[in-house]
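J.: sequence first, then the predicted structure:
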Amino acid sequence: MELYSFTIHELQEKLKSGEASSRQIVDSVFSRIDAVEERVHSYIRLMKEDALTAAAIADENIKNGDIRPLTGIPVALKDIVCTQGIPTTCGSHILHNFVPPYDATVVQKLRDAGAVFVGKTNMDEFAMGSSTETSYFGPTRNPWDLDRIPGGSSGGSASAVAADECIASIGSDTGGSIRQPAALCGIVGMKPTYGRVSRFGLIAFASSLDQIGPFTKDVEDCAIMMNALAGYDPRESTSVRAEVPDYRQFIGRDINGWRIGIPKEYYVDGIDPEVSMAVKIAIEVIEKCGGQIVDISLPHTPYCLAVYYIIAPAEASSNLARYDGVKYGFRAAEARDLMDMYKKTRMQGFGPEVKRRIMIGTYALSAGYYDAYYGKASQVRALIRRDFDEAFKKCDVILTPTTPTPAFKIGEKTDDPLQMYLSDIFTISTNLAGIPGISVPCGYTRTGLPIGVQFLAGHFEEGKLLQVASAYEKNAAIEKRRPTL
Amino acid sequence: MEFETVIGLEVHAQMLTDTKIFCNCSTKFGGAPNSHACPVCLGMPGVLPVLNKKVVEFAMKMALATNCTINPANSFARKNYFYPDLPKGYQISQFAYPIAEHGHIWLEANGRKRKIGITRIHMEEDAGKLIHDENQPASYVDLNRTGVPLIEIVSEPDMRSPEEAAEYLKRLHEILVYLEICDGNMEEGSFRCDANVSIRPRDQHEFGTRAELKNMNSFRNVQRALEYEVKRQQYLVENGQAVIQETRLWDDAQGVTNPMRSKEEAHDYRYFPDPDLVPVVVDGAWVEEIRAGMPELPLVRRERFIHDYQIPAYDAGVLTAEKALADYYEDVVKLCGKPKQASNWVMGDVLRFLNEEKRDIRSCPITAGALADMIRLIEEGTISGKMAKDVIDEMYRTGKSPQEIIEERGLVQITDEGALAATIAGIIDASPGQVKEYRSGKEKIFGFFVGQVMKATQGKANPKLVNDLLKKMLAGS
Amino acid sequence: MKLSTSDVEYVAKLARLEVTEPEKEMFTAQLNDILLYIDKLNELDTTGVAPMTHAIAVQNAFREDKVLESLGTKKALANAPDARGEFFRVPKVIE
């Protein structure tokens, strides 16, 4: 087995025992990248030289006994987190040449934990999309079927882990952008509680929904990554000063007597039959683990998508106003005057999906419509959160499908925004309520496409998610397949 | 037709903090362009604002000083519009939930008190500076000022004349400076004012259409602009023309207001709660802590001065116009125990020196202690009031203590009765003619003798003693 | 609520986006689809429901008033498409 195919915790053992060096692991990952990247296109930018330097330092540190949670482990970063001195594009033409003079807090934290950065991964432009097709740098392909999308918006981070182009990666999740691609690429992806992982240096899409989280090959790696990522950050006002437990302690614990909520609103028409089947089997596995199935209701579920498609674009329309061709990034040539410069820069700098959302958001906030749209949506959002508060009185965690379908074909939904938006139907409510969620592989379709199951828990209950996900992972014993590339 | 003027003012006051409202950049005026800028105030992608606590505390002080109700939960909103001096494409301000509302201050004119309502006070960030190129179709952006903390104080339309508006501004300015939360510098833009003005027939209840006036950078200009605008509106109405609602700029050189030329696009600021900032929750304990740390306000202090120190209202007004001056005065009084004399010296000589050099009381070379010493020396008779005039002049120039100066110049009054009597005897002997005149009842000539004595003693003789001795000795007894 | 092409023009101007005629048509149709979908929120009675503007209720996040080093003019301008001297340069503002 090649080094690139191992998990973090497996590689840690090899590094500690001297069986492998960080340099060897990094070389292995880059050889894999050389072999498959042209077909998958997970990355916008590779950082090979930086990675080799970091690997050398890691090996030196290991020799000196300084071994941290991620020492020497190749990790990929979604190109939405700012990296000092390294271009950060957010998948957009308008930022194609932007070089941040600062690191995102998570980048600092990962570096402090010893991680070696492999590169910046591809994504939907400004994280607006569910397929990684809206990237200015071209689409990413699903390693399990190159004609299909990897999901999005963090498609590159998901495909990079699935295709062994890194050991773990980070993405951001505004309406499902970690969990949905994790499910479609057959890996583990977690969206932590809002405020748990710092957003400082995360390029904003919808500030009240955005959250950074990890993609990993298994649940234990997810816990390792969460240990490195979580924590209060004084540079973010919405960061929460809640105690961060050692997430590894939840791995391997049983879930005897846990109440597992099954929301009736999530098992409706329109779900792919194979997805339905896989999730039904997952529920049976959970019962065998000692979980007790409880029927629950999240009555405002049918309104989540509508609420999301007001709040996210409204915030985005404001967050993206700073891309005006004045301070950084792209500026259109030959403008008659300031107004002309603004309009041309933004017309040429943004892709159609971003423009569409800016338009919706601007309209929803404009004079005369605020109450009907943003105001109303914020009220319904409160009701959605209340649904979850009520539900978690009756159960410990909630189990749902992560996505209604497996990965769809590239180009299949690009002309129908509403259909595209519907692929996030099971993940959006989590962001609206601010609660954590995790997607874990739960099987394959007959054609070999991965399917994911999602667990949700109350605020700051990531530990519970890791515990149930790890118990499920162990007992489901899904066949360990790798995409054939 | 008799018209009534209706004026409301919006004042922007820069808070005297070391750093900007949402980042750790310096607020210092006059740095190299774009040098006081960081990723946060440059509006770079992914960075986040964190509120400067001092700005909240300063805004609370102003709220208490203007009798406002502090909102126990207030929050920030985004005001969205595009302009090159606004790097994020939105200004962070307070909209639906300002920090304070429903206040008032009192104005006093001709012994009459008038209450002016304060609608609201809110915190916000300042924009940058745009410099237009004279020769090229381009502008230059300096973002040093971006994110500098401001509070906006919005009044009710309670003022009825330009003078009253100017008076209101002065009071507001005085309070801000007193609280030491704003330097009040109008040239540097630390204290800016926009005015809404309309007129209406005296018996009409509804407001007339208002114009918003901008670009007035001194109290005097505010008053001039308002006076002009009132005349302009009266002229329009009397000629059957309508006043239109618009923004007008004051042209100082021409002494007129002109409509702002930019096409006023219907403002659609798309305000919404800023998701990156969290509510500011103010409890009673915090309010009390702020209240306890507040200085005595000018109006209260003025009345205390009149009452406690028995000085005229005018003097009290001058002395309390500036907190540092009032503090100085009170220090002098405390040290010498002579409030009236202290007032005379501070208002007379000290302020004259300072005004001549446009200096601030805080940098006055005469310390309160030195001035008190000087007053004491006069009271004790060590020097005369006339000598003191020379002494204080040198104190100001050199910063020396009065004792030092008196010693160096040998200025000590002659109070030795025997020595002085001998001098006087000599003068009487040398002036038989004048003595005769005096004794025949021509008392006016007494001045001659005083002059002679002063001349002989180089002005050092104690005037009272000279008087007493002369009278006695000239009487011939 | 039905959005017209002139509404789209107005919104595009507010958002500083230049839109071509075909884009205008496309946006009008797509935005109307989305708005129609969103209209289902009106089925809900939300009278008296306090709006939720943050995912988690945090309050009073403050910073001390302490000066830290700024970027400096050179770094501040490093990404600028048109830096002139110590300034960002922009085309003139038409008044």
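T.: Sure, I can see it.

J.: list the residues that contact B:R304.
T.: By C-beta atoms under 8 Å, 6 or more residues apart in numbering or on different chains, the contact list for B:R304 reads B:E296. All C-beta atoms are positioned from the backbone trio N, CA, C, and that covers glycine.

J.: and what of B:I99?
T.: B:V56, B:A59, B:M60, B:A63, B:I70, B:N71, B:N74, B:I121, B:H122, B:M123, B:V280, B:V282.

J.: so what's the residue count around the closest residue to C:R16 other than its chain neighbours?
T.: Leaving aside its chain neighbours, C:R16 sits nearest to A:Y342 (4.1 Å; criterion: C-beta to C-beta, 6 or more residues apart in numbering or on different chains). By other C-beta atoms under 10 Å in any protein chain shown, the residues close to A:Y342 number 29.

J.: show me what counts as buried in the helix or strand A:Y342 falls within.
T.: Using DSSP states H and E, A:Y342 sits in helix A:338-349. Burial within helix A:338-349, assessed by neighbour count using 16 or more other C-beta atoms under 10 Å in any protein chain shown, is assigned to A:L338, A:M339, A:M341, A:Y342, A:K343, A:K344, A:T345, A:R346, A:M347, A:G349.

J.: packing partners for that helix?
T.: Packing contacts for helix A:338-349, counted by 3 or more C-beta pairs under 8 Å, 6 or more residues apart in numbering or on different chains; DSSP states H and E, involve strand C:87-91.

J.: touching chain A at all, the strand it packs on?
T.: Yes: using C-beta under 8 Å from any C-beta of the partner chain, we find that strand C:87-91 touches chain A at C:F88, C:V90, C:P91.

J.: average pLDDT for that strand?
T.: Strand C:87-91 shows an average pLDDT of 96 in the prediction.

J.: in three-state terms, label B:S139 for me.
T.: strand (DSSP: H, G, I helix; E, B strand; the rest coil).

J.: and it, what does it touch?
T.: A:L338, B:P84, B:L130, B:I131, B:H132, B:D133, C:R89, C:V90, C:P91, C:K92, C:V93.

J.: the second one reaches A:L338, doesn't it?
T.: What it means is B:P84. Yes: counting by C-beta atoms under 8 Å, A:L338 is a contact partner of B:P84 at 6.9 Å.

J.: now do the shared contacts for these two.
T.: With C-beta under 8 Å, 6+ apart, B:P84 and A:L338 have common neighbours B:S139, C:V90, C:V93.

J.: could you check the pLDDT of the closest residue to chain C within the stretch 351-477 of chain B?
T.: Residue of the stretch 351-477 of chain B nearest chain C, by C-beta to the nearest C-beta: B:R362 (21.6 Å). With respect to pLDDT, B:R362 scores 87.

J.: can you tell me how far the closest residue to it other than its chain neighbours is from B:V346?
T.: Of all residues not flanking B:R362 in the chain, B:A324 sits nearest, at 5.1 Å (C-beta to C-beta, 6+ apart). Per C-beta to C-beta, to the nearest Å, B:A324 is found 12 Å from B:V346.

J.: just A:S297 next, same as before
T.: Counting by C-beta to C-beta, the gap from A:S297 to B:V346 is 78 Å.

J.: quick one: buried residues of the lowest-mean-pLDDT helix or strand in chain C?
T.: Among the helices and strands of chain C, helix C:21-38 carries the lowest confidence by mean pLDDT, DSSP states H and E, at a mean of 90. By neighbour count on 16+ other C-beta under 10 Å, the buried set for helix C:21-38 is C:E23, C:M26, C:F27, C:T28, C:Q30, C:L31, C:N32, C:I34, C:L35, C:I38.

J.: tell me the residues of chain C that contact chain B?
T.: C:14, C:16, C:53-54, C:58-68, C:70-73, C:76-77, C:84-93, C:95.

J.: and the strands in chain C?
T.: C:62-63, C:83-84, C:87-91 (DSSP state E).

J.: got a markdown table for the ones you listed, with mean neighbour count and distance to B:P162 too?
T.: What follows is those, written out as a markdown table (neighbours: other C-beta atoms under 10 Å in any protein chain shown; distance: least, C-beta to C-beta, whole Å):
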| stretch | mean neighbour count | distance to B:P162 |
| --- | --- | --- |
| strand C:62-63 | 20 | 41 |
| strand C:83-84 | 17 | 42 |
| strand C:87-91 | 24 | 38 |
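
J.: can I get the ones you listed in a markdown table including distance to B:G240?
T.: Listed next are these as a markdown table, based on distance: least, C-beta to C-beta, whole Å:
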| stretch | distance to B:G240 |
| --- | --- |
| strand C:62-63 | 57 |
| strand C:83-84 | 51 |
| strand C:87-91 | 43 |
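
J.: any part of stretch A:36-45 near chain B?
T.: No: figure legend: stretch A:36-45 not in contact with chain B (C-beta under 8 Å from any C-beta); closest approach 14.9 Å.

J.: next, the buried residues of that stretch.
T.: Those would be A:V36, A:E37, A:V40, A:H41, A:S42, A:Y43, A:I44, A:R45, for stretch A:36-45 by 16+ other C-beta under 10 Å.

J.: mind checking the end-to-end distance for it?
T.: End-to-end distance of stretch A:36-45 (C-alpha to C-alpha, to the nearest Å): 15 Å.
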